[in-house]
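Undergrad: how would this look folded up:
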Amino acid sequence: MTQNNRGTARFVGLGMTALKNNFISLSKPYKLTFSISYWCNSRCLTCNIWQIRPKGELTLDEIKEFAKANSQFKWIEITGGEPFMRGDVVEIVKAFKENCKDLYIVTIPTNSLINHDVVLRKIEEILDTGLPRLSVTVSLDGDRELHDMIRGVPGNYDKCIDMWKRLQELKKTHSNLFTVFGYTISKFNQGQFEKVYQNVKLDIPNIRYNDFHLNVGQVSDIYYSNKEMEISPQKEIVASDIRWLLKHREFELGAIPIIENAYLKKLVKYSETGKLPMKSKSLDASLFMDSYGNVYPSIMWGRKIGNIRETKYSLADLWNNAEAAEVRKLIKEGKEPDAWTACEAYQTLVGNVTSLI
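TA: From the prediction side, this is the model:
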């Protein structure tokens, strides 16, 4: 079977699992959101991860054991901190690629602050494993002055632009690479997206509206460590930013553009009401695991299910324990936290396929 055929087969497999999840709860999750490290070299106004000095994070050998024991994943969202601060990030992806035979997509963000030659080399090594789809998100929260202010690092904007351009060059030789700018709306950049887009276009003339993915700034004690911070934008302003992007996005065929459009429409609703637009698929289709091996329903919900070190790296016992059952009961009753993030939204949308219409 050719690489393209394998990629198509895995995409179909992912789609069939998501479709199945419309009718029944899954016995195993197909999506993993995994913070491989909390080390970060940004100094963001919206997040306190960079102030963490983590100790006792999962080793590469432990991650390999986890990948061996849980080979069902079709979709892995790697996050941080800054994932590329972990020198063995390529080996981590390889561990999942080698053990998860139906793995279709890996996503990974970068703040563009690490030496670009090093990062691009690592990205190319991941692409050369034959992974059907690698999606790299370049974090960008403003134009030159605004982004550097929010991220707390002078010169960060220019590094983001350079990273984007170099990734586009890499795409010419690697059809399995996909890229997007990740723009998080907070009180610091609310109402600025149209201006930011026009300024980015001066540096990247061929940039498209579809090249931007929007998030709304959130608070989470288990992920962003920012529970005491006030970062939320005003409802009507953030909704206006999202509507502006929706109005200008080009129509594209394909599952990903359709899901992204549905995500943005629900994000408008969430921004206006502050309420979760639909019940999530947490602890059904997906889970969040931090860099210490702690398992949670999502990055926004600090309801710890257990730790994989306590179960010889297998999820099975945690997935079926009493705490997991209680979380699922709370979700069914509509008592989960009100948060609409891409980490949970995509699998929720495809697990409720009528929401895409």
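Undergrad: ranges for the helices of the chain?
TA: Here the chain has its helices, by DSSP state H, at 3-20, 60-69, 89-99, 116-127, 144-151, 156-171, 193-203, 235-248, 255-273, 316-319, 322-332, 342-350.
Undergrad: who does Val216 form a beta bridge with?
TA: Ile185 (DSSP bridges).
Undergrad: pretty sure it is touching Trp340, no?
TA: Yes. Val216 is within contact range of Trp340, at 7.3 Å (criterion: CB atoms under 8 Å). (C-beta placed from N, C-alpha, C; glycine too.)
Undergrad: so what sits against both of the two?
TA: Common neighbours of Val216 and Trp340, using CB atoms under 8 Å, 6 or more residues apart in numbering, are Leu267, Tyr270.
Undergrad: ok now do Glu260, which residues does it touch?
TA: His213 are the contacts of Glu260 under CB under 8 Å, 6+ apart.
Undergrad: any idea how far it is from Met85?
TA: Going from Glu260 to Met85 by CB to CB, to the nearest Å gives 28 Å.
Undergrad: just Lys279 next, same as before
TA: Counting by CB to CB, the gap from Lys279 to Met85 is 35 Å.
Undergrad: which of those two has more neighbours?
TA: Met85 (18 against 15; other CB atoms under 10 Å).
Undergrad: my read: the more buried one touches Ile36, true?
TA: No. Assessed by CB under 8 Å, Met85 is found out of contact with Ile36, at 9.3 Å.
Undergrad: near Lys312, how many other residues are there?
TA: 10.
Undergrad: for the one 4 residues further on, same thing?
TA: A count of neighbours around Ala316, defined by other CB under 10 Å, yields 12.
Undergrad: try Leu120
TA: Neighbours of Leu120 using other CB under 10 Å come to 16.
Undergrad: tell me how far it lies from Val106.
TA: In terms of CB to CB, Leu120 sits 16 Å off from Val106.
Undergrad: and what of Glu260?
TA: 18 Å.
Undergrad: same question, Asp338
TA: From Asp338 to Val106 the distance is 29 Å (CB to CB).
Undergrad: same deal with Ala325?
TA: 30 Å.
Undergrad: compare the two (neighbour count), which wins?
TA: Val106 (25 against 12).
Undergrad: that one: what's it in contact with?
TA: Ile76, Glu77, Ile78, Val93, Phe96, Lys97, Ile126, Leu131, Arg133, Leu134, Ser135.
Undergrad: which of those has the most neighbours?
TA: That'd be Val93 among the contacts of Val106, by other CB under 10 Å, with 26 neighbours.
Undergrad: ok, now which ones touch that one?
TA: If you count contacts by CB under 8 Å, 6+ apart, then Val93 has Ile76, Ile78, Val106, Ile126, Thr129, Leu131 around it.
Undergrad: could you give the number of residues near Lys165?
TA: By the criterion of other CB under 10 Å, Lys165 has 12 neighbours.
Undergrad: contact partners for it?
TA: Contacts of Lys165 (CB under 8 Å, 6+ apart): Ile204.
Undergrad: likewise Trp164?
TA: Per CB under 8 Å, 6+ apart, neighbours of Trp164: Val138, Thr179, Phe181, Ile204.
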